[in-house]
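S.K.: structure, please.
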Amino acid sequence: MTRFPLGANPWIWHSPVGGGALAEVLPRLAGWGFDCVELPLERADDWEPRATAKLLDTTGLAPAAVIAVMPQDRNLVRTDPGTVRATQDYLLRCVDAAHAVAAPVVAGPVYAAVGRTWRMTPTERAAAYAEFREHIAPVTDHARAAGVRIGVEPLNRYETALLNTVGQTLTALDGLDSSVIGVALDTYHQNIEERTLPGAVHEAGSRIVHVQVCANDRGTPGADHLDWAGFLTALDGGGYRGALCVESFTAHNDAIAVAASVWRPLAATQDGIATEGLAFLRRALAAHTP
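M.R.: As a prediction, the model looks like this:
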């Protein structure tokens, strides 16, 4: 089986993730043996790209993706023109940051605020998807010029009403350039919304541009009931060659933890989510290597 690069997200320990947090976390990730790191960008100026690029070079970690964040004031659908423009501006800054640190992807729920849900008829849903395609276009144009891809992440039904499944996401992306924009998978959300994890991977196929992994409870990968063998085999067979990044959270902040509904510790230690997750993923990948 392919040796996927393995990474982690500093959200395991910090939110927001600023330059100081990166300076603390990245050397530890490198010391534990991670290959890469996700770089969340809650605010456009949370970290300085040149300093971050230097830190990546010093630690030897590759930048797997810049992670876009969608709080209540960021929306591309069913909102006012000013909010659309501000959200586009933020996403353009994410693309610029990714280009500056040589990250290949900007990933996240780049369509609506996390936690925003509403009922839609089939006609209204189709209109919302068309609106998303229209409003993401300036971002994809900028990403194409920068050599960056956009990964659109479907979320579970409690965090969005717009894109819950791979199938819905592919419908929303219909007609958009697949070389620039695709699907970002997260095992937490797929475990809730898809019949099987391998099925979600097979359906997404070549449109997968980034993958985040965690347990079914958002904790340590492997400490769960997920079909990791089937999931990893499907990714390998489908031709995905990007990173697998452990994304989890600390309960001790007022932004991301609230958006993700993390109210309790998800492991004995936050370090354990990273180190034990890394060890599990290495074992799982080795078990399926011919």
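
S.K.: outside of stretch 217-232, which residues touch it?
M.R.: With Cβ atoms under 8 Å, 6 or more residues apart in numbering as the test, stretch 217-232 has contacts from 1, 4, 187-188, 191, 196-198, 201, 213-216, 246, 248-249, 260, 262, 266-267, 272-273, 276-277, 280-281, 284-285, 287-288. All C-beta spots, glycine's among them, are computed from the backbone N, C-alpha and C.

S.K.: any idea how far it is from the chain center?
M.R.: From the chain centre to the centre of stretch 217-232 is a distance of 17 Å (Cα atoms, centre = their mean, to the nearest Å).

S.K.: give me the below-cutoff pLDDT ranges for the stretch 151-290 of the chain.
M.R.: 254, 289-290 (pLDDT under 70).

S.K.: which parts of it are helices?
M.R.: 166-173, 187-193, 197-204, 228-237, 256-259, 270-287 (DSSP state H, counting those that start in this stretch).

S.K.: now those as CSV including distance to A68 and mean neighbour count?
M.R.: Shown next, in CSV, are the helices of the stretch 151-290 of the chain (distance: least, Cβ to Cβ, whole Å; neighbours: other Cβ atoms under 10 Å):
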stretch, distance to A68, mean neighbour count
helix 166-173, 15, 20
helix 187-193, 15, 22
helix 197-204, 19, 21
helix 228-237, 22, 19
helix 256-259, 13, 18
helix 270-287, 22, 18
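
S.K.: of all these, which one is nearest P63?
M.R.: helix 270-287 (17.0 Å; Cβ to Cβ).

S.K.: other SSEs contacting the closest one?
M.R.: Using 3 or more Cβ pairs under 8 Å, 6 or more residues apart in numbering; DSSP states H and E, the elements in contact with helix 270-287 are strand 6-8, helix 19-32, helix 228-237, strand 244-246.

S.K.: please produce CSV containing those, extended by distance to P104.
M.R.: What follows is the helices and strands packed on helix 270-287, written out as CSV (distance: least, Cβ to Cβ, whole Å):
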stretch, distance to P104
strand 6-8, 12
helix 19-32, 18
helix 228-237, 16
strand 244-246, 12
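
S.K.: tell me which of the ones you listed sits nearest to R149.
M.R.: That would be, of the helices and strands packed on helix 270-287 and by Cβ to Cβ, strand 244-246, which comes in at 15.0 Å.

S.K.: which elements pack onto the closest one?
M.R.: Looks like strand 244-246 contacts strand 6-8, strand 36-41, strand 208-213, helix 270-287 (3+ Cβ pairs under 8 Å, 6+ apart).

S.K.: distance to H225 added to the ones you listed, as JSON lines?
M.R.: Compiled in JSON lines, these are given as follows (distance: least, Cβ to Cβ, whole Å):
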{"stretch": "strand 6-8", "distance to H225": "21"}
{"stretch": "strand 36-41", "distance to H225": "25"}
{"stretch": "strand 208-213", "distance to H225": "14"}
{"stretch": "helix 270-287", "distance to H225": "14"}
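
S.K.: for these, which one sits closest to L76?
M.R.: That would be strand 36-41 among the helices and strands packed on strand 244-246, by Cβ to Cβ, at 16.8 Å.

S.K.: parallel or antiparallel, which strands does the closest one pair with?
M.R.: If you go by DSSP bridges, strand 36-41 pairs up with strand 6-8 (parallel), strand 62-68 (parallel).

S.K.: looking at those strands, which is closest to G205?
M.R.: Relative to G205, the nearest member of the strands paired with strand 36-41 by Cβ to Cβ is strand 62-68, separated by 19.3 Å.

S.K.: what's the mean pLDDT across the closest one?
M.R.: For strand 62-68, mean pLDDT rounds to 98.
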